[in-house]
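Novice: What would the 3D arrangement of this be:
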Amino acid sequence: MSLPNADDLLTPEQAAALLSVSPATLERWRARRPLHGPAFIKMSPRVVRYRRSDVTAFIEESLQS
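Specialist: Have a look, this model is predicted:
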């Protein structure tokens with residue numbers, strides 16, 4: 001598995017903007033069990049990042065037909 005490029009990592013604020021939700025919503029989703037929302041990377045106790053591809057995949061998986 002290769003590591004993502006720095007350009008592929010989004011802050012919670014950037015990911016929230018793509019999803020049209022607030023950063024607080026993403027925080028609630030991360031704390032929820034079972035987990036909800038896009039996969040995330042916890043780089044340290046205070047630093048969370050999202051891969052753009054994971055946010056896009058979450059959007060695709062959430063489509064209702």
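Novice: Next up, the contacts around the residue lying closest to residue 55 once chain neighbours are set aside.
Specialist: Leaving aside its sequence neighbours, residue 55 sits nearest to residue 38 (CB to CB, 6 or more residues apart in numbering; 4.7 Å). Where you see a C-beta, it was placed from the backbone N, CA and C, and this is true even at glycine. Counting by CB atoms under 8 Å, 6 or more residues apart in numbering, residue 38 touches 15, 19, 50, 54-55, 57-58.
Novice: for residue 9, same thing?
Specialist: Here residue 9 is in contact with 41, 49-52 (CB under 8 Å, 6+ apart).
Novice: let's see 7 Å
Specialist: 49, 51 (CB atoms under 7 Å, 6 or more residues apart in numbering).
Novice: How about residue 13?
Specialist: Here residue 13 is in contact with residue 23 (criterion: CB under 7 Å, 6+ apart).
Novice: Check it and give its pLDDT.
Specialist: With respect to pLDDT, residue 13 scores 97.
Novice: same thing with residue 3?
Specialist: Residue 3 is given a pLDDT of 65.
Novice: Just the buried ones among the contacts of residue 38, please.
Specialist: Applying 16 or more other CB atoms under 10 Å to the contacts of residue 38, the neighbour count classes 15, 19, 50, 54-55, 58 as buried.
Novice: so of these, which ones are in helices?
Specialist: 15, 19, 54-55, 58 (DSSP state H).
Novice: Any chance of CSV for these, columns distance to residue 26?
Specialist: Formatted as CSV, those follow (distance: CB to CB, whole Å):
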residue, distance to residue 26
15, 6
19, 8
54, 12
55, 10
58, 11
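Novice: Need the max-distance pair from the residues you listed.
Specialist: Using CB to CB, these reach their maximum pairwise distance at 19 and 54, which is 11.2 Å.
Novice: in which helix or strand would I find the residue nearest to residue 37 when sequence neighbours are not counted?
Specialist: Of all residues not flanking residue 37 in the chain, residue 29 sits nearest, at 3.2 Å (CB to CB, 6+ apart). Residue 29 is part of helix 23-31 when elements are defined by DSSP states H and E.
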